[in-house]
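1. okay, sequence plus prediction incoming.
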Amino acid sequence: MQRINERLMNWASILEPSTLAQAEAASRLPFVFPHIALMPDAHLGKGATVGSVIPTLGAIIPAAVGVDIGCGMAAVRTQYHRDELGPGLSSLRTAIEKVVPLSAGAYNESLTDSAARRVEELTGKAEKAGFEPGRYAKSWERQLGSLGSGNHFIEVSADETGAVWLFLHSGSRGVGNKIAARHIRVAQEAMRRWWISLPDPDLAYLVEGTEEFWAYIRELRWAQDFALANRDEMMDRVVACFAEFVGGPVRELERVQCHHNYTEREEHFGKEVWLSRKGAINAAPGVPGLIPGSMGDASYVVVGKGDRLALHSSPHGAGRNYSRSKARKTFTREQLREAMRGIEFRDTDAFLDEIPQAYKPIDVVMRDAADLVEVRHTLRQIVNVKGD
């Protein structure tokens, strides 16, 4: 751990100057308490650094949560062994691609029974929160059970014992993005109204006690619930596809879920704070978590160690080393194929910006996180599914 200043602690051994400058700017905000914790996978983000944990008193920064509210991971350990899968993994990949809508703007044509039940529950929560999700996205119900694009994925992996895991990464989709975008704008309008100058307009904040603050909290919590339900719905479909592929029932020996773009009320250093984890997971003592590597790299099932200075947090993944545009200019289709050798995936130029070399080495990230989490399992990909 490196103490940058009294209000910024850093666990990243790979850190670009621009990322550090962004985190330092956020750490100077007067309501940050006690300090920002910069995770090993930290990289430049919108307003606040991706891979940062930001505790605040009496205010909250919508951009410090992120635009994909509730984004996170889910994983299921099955009773099957890698050796039981046999050939024909492309058929498993294509089956998953048929039942889970992929890519931005791709939604379900109709609701499954399980999705309908989850939508009904979410509708009730929205009514209780006093807002209508349809004003943000008319098709929000059909977004439930869809993956998205970018670094979102569905994978079949095997751990060090050969046990097969089903693993996925996604968030609150278009409806969550629009909720986040609106409240970032509301916060920026408040800064202009109060003549408050900030080092970055995306560090605009909402003051606790105002209607704007509580409206954001209510809709934020709903979006976090949507993201959780979205992952559960997709996982149920992936489990069903996997059961059909192996020709037998799937016993879920465990299911792990964790957000990594969210805010919760937590106690740290003797005070109740609003703790925003933007690209970080809860690593309180004994709390299970998931840290994926890049496409084609290892992922980890972990348990938190409860590091006090890290605000009971740990990294959420590998963290980008190259922007998407720079990765597309730097790497080739052949390099992508080589990086994905031995893994069943959809071979397309669309994934060049997701090539493993565009990310920090996951082994370096995990070495930096040694005091934050204990590794329970190391997962290696067998099948990878992504949206364009």
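-> All right, it came through fine.
2. only C-alpha atoms for contact and neighbour calcs from this point on.
-> Will do.
3. after the helix or strand containing residue 25 comes which helix or strand?
-> Residue 25 belongs to helix 17-27 when assigned by DSSP states H and E. Next helix or strand after helix 17-27 toward the C-terminus (DSSP H and E): strand 36-43.
4. distance from that following strand to the middle of the chain?
-> In terms of Cα atoms, centre = their mean, to the nearest Å, the centre of strand 36-43 is found 14 Å from the chain centre.
5. angle of it against helix 17-27?
-> Orientation of strand 36-43 against helix 17-27 (axes from the mean of the first three to the mean of the last three Cα atoms, to 10 degrees) gives an angle of 150 degrees.
6. just the CA atoms of the next helix or strand after strand 36-43, as PDB, please.
-> Per DSSP H and E, the first helix or strand lying C-terminal to strand 36-43 is strand 50-56. The C-alpha trace of strand 50-56 is given here as PDB (Å, rounded to 0.1, in the frame of the first residue of the first chain):
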ATOM      1  CA  VAL A  50     -12.600   3.200 -12.000                       C
ATOM      2  CA  GLY A  51     -11.200   1.000  -9.300                       C
ATOM      3  CA  SER A  52     -11.800   3.500  -6.400                       C
ATOM      4  CA  VAL A  53     -13.600   3.400  -3.100                       C
ATOM      5  CA  ILE A  54     -15.000   6.800  -2.100                       C
ATOM      6  CA  PRO A  55     -16.500   7.300   1.400                       C
ATOM      7  CA  THR A  56     -18.500  10.500   1.800                       C
END
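7. tell me what the following helix or strand past strand 50-56 is packed against?
-> Sequence-wise, the next helix or strand downstream of strand 50-56 (DSSP H and E) is strand 59-60. Secondary-structure packing of strand 59-60 (3 or more Cα pairs under 8 Å, 6 or more residues apart in numbering; DSSP states H and E): strand 206-207.
8. report pLDDT for residue 327.
-> According to the predicted model, the pLDDT of residue 327 comes to 88.
9. so which residues of the stretch 51-200 of the chain form strands?
-> 59-60, 72-81, 153-158, 163-170 (DSSP state E, counting those that start in this stretch).
10. nearest to residue 316, of the ones you listed?
-> strand 72-81 (8.3 Å; Cα to Cα).
11. the helix or strand harbouring residue 220: how far from the chain's middle?
-> Element membership of residue 220, judged by DSSP H and E, is helix 211-246. Relative to the mean C-alpha coordinate of its chain, helix 211-246 is positioned 12 Å out (Cα atoms, centre = their mean).
12. how about it: buried residues?
-> Across helix 211-246, burial judged by 16 or more other Cα atoms under 10 Å covers 213, 216-235, 237-242, 245.
13. what do you get for stretch 128-145?
-> Buried, per 16+ other Cα under 10 Å, within stretch 128-145: 129, 131, 133, 136-137, 139-145.
14. please enumerate the strands of the stretch 251-388 of the chain.
-> For the stretch 251-388 of the chain, the strands defined by DSSP E, counting those that start in this stretch cover 254-259, 261-268, 271-278, 280-282, 288-291, 299-304, 313-315, 373-386.
15. winner for burial among those?
-> Most buried of the strands of the stretch 251-388 of the chain by mean neighbour count (mean count of other Cα atoms under 10 Å) is strand 313-315; its value is a mean of 35.
16. who's in contact with that strand?
-> When contacts are defined by Cα atoms under 8 Å, 6 or more residues apart in numbering, strand 313-315 is touched by residues 39-41, 51, 53, 279-284, 291, 304, 306-307, 365, 369, 372-373.
17. got any ranges where the chain has weak pLDDT?
-> Low-confidence segments of the chain (pLDDT under 70): none present.
18. if we can go back for a sec, between the strands of the stretch 251-388 of the chain, which one is closest to residue 61.
-> strand 271-278 (8.4 Å).
19. ok, the nearest residue to residue 242 once chain neighbours are set aside to residue 383 distance?
-> Closest residue to residue 242 apart from its sequence neighbours, by Cα to Cα, 6 or more residues apart in numbering: residue 92 at 6.9 Å. Using Cα to Cα, to the nearest Å, residue 92 is found at 8 Å from residue 383.
20. please point out which parts of stretch 183-199 sit buried.
-> Under 16+ other Cα under 10 Å, the buried positions of stretch 183-199 are 183-188, 190-191.
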